[in-house]
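**Student:** here's my sequence, what's the structure:
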Amino acid sequence: GGACEGAQASRRPLLVSRSVRASPCMRTFLFLDVDGVCHPLGAAGRTNPFKRECMDALAHLARESGAEIVLSSTWRLSETTQQRVNEALAEVGLAACIGATPVLPLGSRPMEIWRWLRDTLVDAGEGVRFLALDDIPLEALDKTPGRCLQGRCVLTQKRTGLTHELAGQGLRLLAQQALW
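**Tutor:** You can find the predicted model right below:
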């Protein structure tokens, strides 16, 4: 079964310590939308549409949680835009995205996230925590098996993007999660 299909006999959700940083037997993933998260509405005409405050908040969240970034944005659809995202991550000292969610016919973003988790983490033998950063209310759209995005989303405002306050909310959500 996949990461979001619920507890299996050998893989029950485990209680997480209050520490947010990942341990050697646990991985943390941030599913990153770009527009409305790192790239607020109205920033499209700029030479660098990535807002520094948003990128700093993302860097804080990723560093404090030890998270790896998976691109779930439409920016994943071309090599050029993927490269721009990776360059923006590098500017704040973060590693490039480790991957991107699949493009599914008639797929919703929650289902694409679930599919990436299922396909990538089958029999990974480690605990997993994850968080989706998006300006779309993914929890309301979540029709995945086990509704795996519930309590795992940070909703940004399109005009402001990711703030330090929202990054703090993300850290609290990660600290409260059961592991998959």
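**Student:** look up the pLDDT of Ala43 for me, please.
**Tutor:** At Ala43, the model reports a pLDDT of 57.
**Student:** neighbours of Ala90, just the number please.
**Tutor:** As a burial measure, Ala90 scores 11 neighbours (other C-beta atoms under 10 Å). Where C-beta positions appear, they are placed from N, C-alpha and C, glycine not excepted.
**Student:** what sits against it?
**Tutor:** Ala96 (C-beta atoms under 8 Å, 6 or more residues apart in numbering).
**Student:** which residues touch the residue nearest the centre of the chain?
**Tutor:** Geometric centre of the chain, nearest residue: Phe31, 1.9 Å, by C-alpha atoms, centre = their mean. Residues counted as contacts of Phe31 (C-beta under 8 Å, 6+ apart) are Val70, Ser72, Thr101, Ile113, Trp116, Phe130, Leu131, Ala132, Leu133, Asp134.
**Student:** Val70 too?
**Tutor:** By C-beta under 8 Å, 6+ apart, the neighbours of Val70 are Phe29, Leu30, Phe31, Leu32, Cys97, Ile98, Gly99, Ala100, Thr101, Trp116.
**Student:** what strand or helix carries Cys54?
**Tutor:** Assessed by DSSP states H and E, Cys54 sits inside helix 52-65.
**Student:** export that helix to PDB, keeping only CA atoms.
**Tutor:** What follows is helix 52-65, C-alpha atoms only, in PDB (Å, rounded to 0.1, in the frame of the first residue of the first chain):
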ATOM      1  CA  ARG A  52      12.500  37.400  -0.800                       C
ATOM      2  CA  GLU A  53      10.300  37.300   2.300                       C
ATOM      3  CA  CYS A  54       8.400  34.300   1.000                       C
ATOM      4  CA  MET A  55      11.600  32.500   0.100                       C
ATOM      5  CA  ASP A  56      13.100  33.300   3.500                       C
ATOM      6  CA  ALA A  57      10.000  31.800   5.200                       C
ATOM      7  CA  LEU A  58      10.300  28.700   3.000                       C
ATOM      8  CA  ALA A  59      14.000  28.400   3.900                       C
ATOM      9  CA  HIS A  60      13.200  28.600   7.600                       C
ATOM     10  CA  LEU A  61      10.500  26.000   7.300                       C
ATOM     11  CA  ALA A  62      12.700  23.600   5.300                       C
ATOM     12  CA  ARG A  63      15.800  24.000   7.500                       C
ATOM     13  CA  GLU A  64      13.900  23.700  10.800                       C
ATOM     14  CA  SER A  65      12.000  20.600   9.700                       C
END
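**Student:** return the list of helices and strands in contact with it.
**Tutor:** On a contact count with 3 or more C-beta pairs under 8 Å, 6 or more residues apart in numbering; DSSP states H and E, helix 52-65 meets strand 26-32, helix 79-91, strand 127-134, helix 164-176.
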